[in-house]
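In: give me a model of this one.
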Amino acid sequence: RAGVGPRREPPIPCRAGDPGAPGAAGAGLERCRRLKPVAIDSEMRIITRIAGIHLCNREWEEAVGMFEAAIDLLGPTRDLNRMAKVYGDMGFAYRELGRLDLSVRYSQKSIAINEMLRDRFSTGMAENNLGLALLNMNRYEAAEDHLQRSVAIFDEIGRERGKGNVMLSLAELHLIRHQL
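Out: Here you go, the predicted model:
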């Protein structure tokens with residue numbers, strides 16, 4: 001595994017996988033693409049669902065490939081909410097692949113869009129993801145800055161759900177610093 005510390009769960013909720021899910025979703029995507037005109041919104045939902053299946057199965061390369069397809073498709077639609085989510089999930093997948101420069105880049109894009117949309121919860125989650133990528137790059141001060149920003153956001157909005165993840169990230173950072 002590329003990252004340091006305990007194995008992280010994918011940023012989307014995962015259930016015990018149905019082995020037929022990837023095939024069924026792929027068939028749905030093929031059917032959707034045969035429609036004339038192609039229903040771009042439906043195609044986007046199916047692509048991001050397939051990417052999510054790959055994330056849950058820890059198939060990082062496949063997830064990244066599907067997220068890249070989603071970004072290509074998002075170009076003309078300008079669905080900023082969806083774009084921010086895709087960028088955040090790509091940052092997660094790239095971190096798991098050890099491609100930390102890309103993880104940082106996509107996490108920063110997610111933060112920028114979420115801030116513009118004033119989505120504080122998603123901004124806090126993206127700050128945590130960025131902090132973890134920086135932690136894996138041994139950039140401890142920068143990692144701590146982003147993790148502290150994430151804690152501040154969750155405190156501000158009163159959400160414990162995301163804050164727990166960040167507290168684990170901060171504990172990981174402090175553990176590493178004290179082992180050096």
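In: what's next to stretch 79-86, contact-wise?
Out: 44, 48, 51, 67, 70-71, 74, 109-110, 113-114, 116-117, 119, 122, 126 (Cβ atoms under 8 Å, 6 or more residues apart in numbering). All C-beta spots, glycine's among them, are computed from the backbone N, C-alpha and C.
In: by neighbours, which of these wins?
Out: Tallying neighbours with other Cβ atoms under 10 Å puts Ala126 at the head of the contacts of stretch 79-86, with 31 neighbours.
In: so Glu172, which of the three states?
Out: Three-state assignment for Glu172 (DSSP: H, G, I helix; E, B strand; the rest coil): helix.
In: per-residue pLDDT, it?
Out: With respect to pLDDT, Glu172 scores 94.
In: could you check how far it is from Ile153?
Out: The gap separating Glu172 from Ile153 is 19 Å, by Cβ to Cβ, to the nearest Å.
In: and what of Cys32?
Out: For Cys32, the distance to Ile153 - Cβ to Cβ - is 36 Å.
In: for Asp89, same thing?
Out: Counting by Cβ to Cβ, the separation of Asp89 from Ile153 is 19 Å.
In: so between these two, which is more surrounded?
Out: Ranked by neighbour count (other Cβ under 10 Å), Asp89 and Ile153 place Asp89 first, with 25 against 22.
In: dump whichever helix or strand that one is part of to PDB, restricted to CA.
Out: Using DSSP states H and E, Asp89 falls within helix 80-97. C-alpha atoms of helix 80-97 as PDB (Å, rounded to 0.1, in the frame of the first residue of the first chain):
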ATOM      1  CA  LEU A  80     -20.000  21.900 -10.300                       C
ATOM      2  CA  ASN A  81     -21.400  19.800  -7.400                       C
ATOM      3  CA  ARG A  82     -20.700  16.600  -9.300                       C
ATOM      4  CA  MET A  83     -17.400  17.900 -10.600                       C
ATOM      5  CA  ALA A  84     -16.200  18.700  -7.000                       C
ATOM      6  CA  LYS A  85     -17.300  15.200  -5.900                       C
ATOM      7  CA  VAL A  86     -15.500  13.500  -8.800                       C
ATOM      8  CA  TYR A  87     -12.300  15.500  -8.100                       C
ATOM      9  CA  GLY A  88     -12.400  14.600  -4.400                       C
ATOM     10  CA  ASP A  89     -12.900  10.900  -5.100                       C
ATOM     11  CA  MET A  90     -10.100  11.000  -7.700                       C
ATOM     12  CA  GLY A  91      -7.800  12.600  -5.100                       C
ATOM     13  CA  PHE A  92      -8.600   9.700  -2.800                       C
ATOM     14  CA  ALA A  93      -8.000   7.100  -5.500                       C
ATOM     15  CA  TYR A  94      -4.700   8.700  -6.500                       C
ATOM     16  CA  ARG A  95      -3.500   8.800  -2.900                       C
ATOM     17  CA  GLU A  96      -4.200   5.000  -2.600                       C
ATOM     18  CA  LEU A  97      -2.200   4.500  -5.800                       C
END
